[in-house]
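[1] Provided below for reference: sequence and predicted model.
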Amino acid sequence: MQVYLKKQNFFFRKAVVRIGILLIAVVALNIFQLQAKNIFLGASSPLSAALWQTSGNVSGVFAPFLNVKKIQSDNVALQAENQKLLSEILILKDSNVYYQEYQSALQNARTLNMTLKPAQVTGLDIAHDMATINKGSADGISENMAVMVGQNIIYGKIVRAYKDFSEVMLVSNKQSVIDVKIIGTSDNKNFIYGAVKGLGNLGFFLDLVDSNSHIEEGQALATSGLDGTFPSGLLVGNIGTVDHNDLKPFQTASVKLLVAPQNVENVFVVMKK
Amino acid sequence: MVKFIRPLIITVLLYCAALVQVGFLPRFAIAGQTPNLVFIIFFILVFFEDDYLFFAAAIGGFLLDIFFFPVIGISIVGLYAVWGLQKANAHFFKKSHESRILAANFVLSFLMSFIFYTILFFVFSLIFHFPFTLSWTFLIAVSYNLIVAYIGFTLFRQLGWAAQEHNQLKLF
């Protein structure tokens, strides 16, 4: 009986010691989280970057087999879009205002006079719409800097900068809200403004568009620069299905991605001036 | 020396799983869902093993927190909770060594643990204010994770790591 009690006491003490050590370690790791994550991500970076590139090659090989149906439907959609674009070209030629606005926005996006820092994506967490890049505070990167991919397409913003790495919150993150303007509105000379909000799982939608404004599928969205985080003129996506309800003060719309985050390997961090 | 081999193998296995999860699997996402490899490996260990689970939960949780979460400790708590749940499950449902029953037990236990783990993280996301999406794609996540977990379960048994003498299921 005494031996049993002693043995039980020994296991209890052992468990308490283990839990105590674990708690101290967790608290310490949270206090020194920036350093801990930087060291860990730094050590893992060569492997995760290699895996990221390998997965790109592997998915490229399997993609046509896995997406036969998608390719077929894309083909049909592209043909329809081609016809639509042809008709739009004619409309564009007729509408000088429409043409100028669209051109100036594109021009603006291309000549934003920004200092860019190239970086490489080392990991992607789709479940939380976050990515890791291989540049950090040592490279001059700080929180809230905008991140974009080539062709001035927005990717996300820096939410945490470690010494050699940074975490990027994707546009599709549920906590992401970006002020945007709608390009190609032919009914008046002013832009229509709205906000693109993240839905999670790489989805996002257009919200807060005045219900009196006329928006339609296919119109391009660009950052307005009103939020102060993103420079004006970065492309966000194209408007998908519009949900116009007279009972609601604002209209919403789905947004089509211009680039799939899974296929992005190189990004540019927009440095603060 | 032998004493350190198993924890070392568990650490390497979980670390490789975390790397694959963050660097390889996102391109194979279905409706934005990827398998949680660290969770799957931990669950297989919990299902078959009795030893080193405290250590495995700490390492697995730490890796998940470092790679995926803004607070270190939440995944560790999550994995301990799954361990506790599986312990309770094993207490109430006697483990059979008959192949089909064992497989069915694994599938049911995994489903229960995965749903429990996801609900736990939904609660954590409300407390610690990090984004967590719980929508219809959760069904895809469950299916995707279950398929990968079942492959892991089969491999684990096929490789002969699980079956050992005295009807005791051991890793090595």
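    Cool, the structure landed.

[2] Distance check, A:Ser166 against chain B.
    13 Å (Cβ to the nearest Cβ, to the nearest Å). In short, each C-beta sits where N, CA and C put it, glycine included.

[3] Test for you: state the pLDDT assigned to that residue.
    With respect to pLDDT, A:Ser166 scores 91.

[4] same check, this time on A:Ala105
    41.

[5] Can you give me the buried ones in stretch B:28-47?
    Counting neighbours by 16 or more other Cβ atoms under 10 Å in any protein chain shown, one finds that the buried residues in stretch B:28-47 are B:29, B:31-47.

[6] ok, and of these, which contact chain A?
    B:Ala29, B:Ala31, B:Gly32, B:Gln33, B:Thr34 (Cβ under 8 Å from any Cβ of the partner chain).

[7] quick one: which of the residues you listed is nearest to chain A?
    B:Gly32 (3.1 Å; Cβ to the nearest Cβ).

[8] How about the closest one: what's its closest non-neighbour residue?
    Nearest residue to B:Gly32 in three dimensions, chain neighbours excluded: A:Asn201, at 3.1 Å (Cβ to Cβ, 6 or more residues apart in numbering or on different chains).

[9] Would you quantify the distance from B:Tyr80 to A:Lys197?
    35 Å (Cβ to Cβ, to the nearest Å).

[10] Out of those two, name the residue with the larger neighbour count.
    A:Lys197 (21 against 17; other Cβ atoms under 10 Å in any protein chain shown).

[11] correct me, but that one touches A:Val177?
    Yes - under the criterion of Cβ atoms under 8 Å, A:Lys197 makes contact with A:Val177 at 5.3 Å.

[12] any low-confidence regions in chain B?
    B:1-2, B:94-97, B:160-172 (pLDDT under 70).

[13] what does it put close to chain A?
    B:19-20, B:22-29, B:31-34, B:54, B:58, B:62, B:66-73, B:76, B:130-133, B:135, B:137.

[14] Return a ChimeraX selection command for the buried portion of those residues.
    What follows is the ChimeraX syntax selecting those of those that are buried according to 16+ other Cβ under 10 Å:
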select /B:19,20,22,23,24,25,26,27,29,31,32,33,34,58,62,66,67,68,69,70,71,72,73,76,130,131,132,133,137
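
[15] Wasn't A:Gly237 part of a strand?
    Yes - with DSSP: H, G, I helix; E, B strand; the rest coil as the criterion, A:Gly237 is located in a strand.

[16] Verify the contact between it and A:Leu258 for me.
    Yes - assessed by Cβ under 8 Å, A:Gly237 is found in contact with A:Leu258 at 5.4 Å.

[17] ok, the two, which is more surrounded?
    Shown here are A:Gly237 and A:Leu258; by other Cβ under 10 Å, A:Gly237 has more neighbours (22 against 16).
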